[in-house]
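Participant: What shape does this take:
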Amino acid sequence: MSSPAPAPRVVRFDVFRADLCAGELYKSGRRVKLQIQPFQALALLLERPGEVVTREEFEKRLWPGDTFVDFDHSLNTAIRKLRQALGDNKKKPRFVETLPKRGYRFVGTLDQPFSPQTSALQIPPPPSPSQASTPPSCVGQLATLCGDGKLSFILLSVDEDTATEREKLDAANDDVGLSLLIASQKLLMVPCGTQVRILDLRETERLYEVRVLDGEHYGKTALVPASHLAEL
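Facilitator: So this is what the prediction gives:
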């Protein structure tokens with residue numbers, strides 16, 4: 001008896017492609033910069049196209065019970081950033097429709113049926129002991145930090161806790177909180193073009209742990225998304 005087909009990792013609609021496992025959105029083949037909460041909001045909408053996703057359901061998915069944020073403001077910000085990434089219009093939506101005081105609904109057309117087994121928060125199974133003992137081929141290689149063309153520096157989180165905190169601050173547009181993280185050296189302002197050495201690959205998060213080899217933060221370790229590493 002044949003085994004069931006695996007759930008799709010990628011959902012396509014219009015000119016967009018959403019990789020649910022990687023947490024990445026592409027438009028006409030080019031990656032669109034989108035933070036974690038807006039992407040998770042998109043993924044939840046894509047799981048149930050044409051259905052109303054209530055604000056309470058967004059709260060449970062995007063901000064677990066032990067997370068303290070201004071939920072209404074944070075969700076509104078996440079949806080606004082999602083619409084900006086999709087080029088959508090709140091008054092004449094092609095993708096994300098607002099249902100006042102209820103929630104949101106995906107009104108676009110998917111290029112393929114969505115399997116309910118697919119989750120935006122799907123985590124690949126842990127590696128076998130033999131795999132875990134073998135470091136990725138990139139470990140030990142040198143790479144160069146690169147930005148998105150708008151800034152001459154990159155903000156790097158020193159650990160996973162800081163990366164999580166930064167995501168919440170970004171979602172809340174809390175510039176004061178980000179400044180405090182920078183002042184406490186939990187976020188490092190590292191110039192583009194700085195050379196780093198790859199120490200580890202966090203495959204479930206698509207993050208690289210690196211050691212900074214130049215400048216003010218020489219010798220420190222930080223986490224870098226693959227999109228900010230050149231010559232790797």
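Participant: What sits closest to the one residue sitting closest to the centre of the chain if chain neighbours are left out?
Facilitator: Against the mean C-alpha coordinate of the chain, by CA atoms, centre = their mean, the closest residue is residue 36 at 3.6 Å. In space, and not counting its chain neighbours, residue 36 is closest to residue 167: 5.0 Å by CB to CB, 6 or more residues apart in numbering. All C-beta atoms are positioned from the backbone trio N, CA, C, and that covers glycine.
Participant: quick one: which helix or strand includes that neighbour?
Facilitator: Secondary-structure assignment from DSSP states H and E places residue 167 in helix 160-171.
Participant: Now the element after that helix, going C-ward?
Facilitator: Using DSSP H and E, the helix or strand that follows helix 160-171 in sequence is helix 175-183.
Participant: Give the other helices and strands that the following helix or strand past that following helix contacts.
Facilitator: Note on helix 175-183: by DSSP H and E, the next helix or strand toward the C-terminus is strand 187-191. Where contact means 3 or more CB pairs under 8 Å, 6 or more residues apart in numbering; DSSP states H and E, strand 187-191 is packed against strand 153-157, helix 175-183.
Participant: change it to 10 Å
Facilitator: Applying 3 or more CB pairs under 10 Å, 6 or more residues apart in numbering; DSSP states H and E, we find strand 187-191 packed against strand 153-157, helix 160-171, helix 175-183, strand 207-212, strand 221-225.
Participant: just checking, which of these comes out with the lowest mean pLDDT?
Facilitator: Across the helices and strands packed on strand 187-191, helix 160-171 has the smallest mean pLDDT, namely a mean of 83.
Participant: Dump that one to CSV, restricted to CA.
Facilitator: Extracted C-alpha coordinates of helix 160-171, given in CSV (Å, rounded to 0.1, in the frame of the first residue of the first chain):
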residue,chain,number,x,y,z
GLU,A,160,18.2,33.2,20.5
ASP,A,161,16.5,34.9,23.5
THR,A,162,17.6,38.3,22.1
ALA,A,163,16.4,37.3,18.6
THR,A,164,13.0,36.4,20.0
GLU,A,165,12.8,39.7,21.9
ARG,A,166,13.8,41.7,18.9
GLU,A,167,11.0,40.1,16.8
LYS,A,168,8.5,41.2,19.4
LEU,A,169,9.9,44.8,19.5
ASP,A,170,9.9,44.9,15.7
ALA,A,171,6.3,43.8,15.6
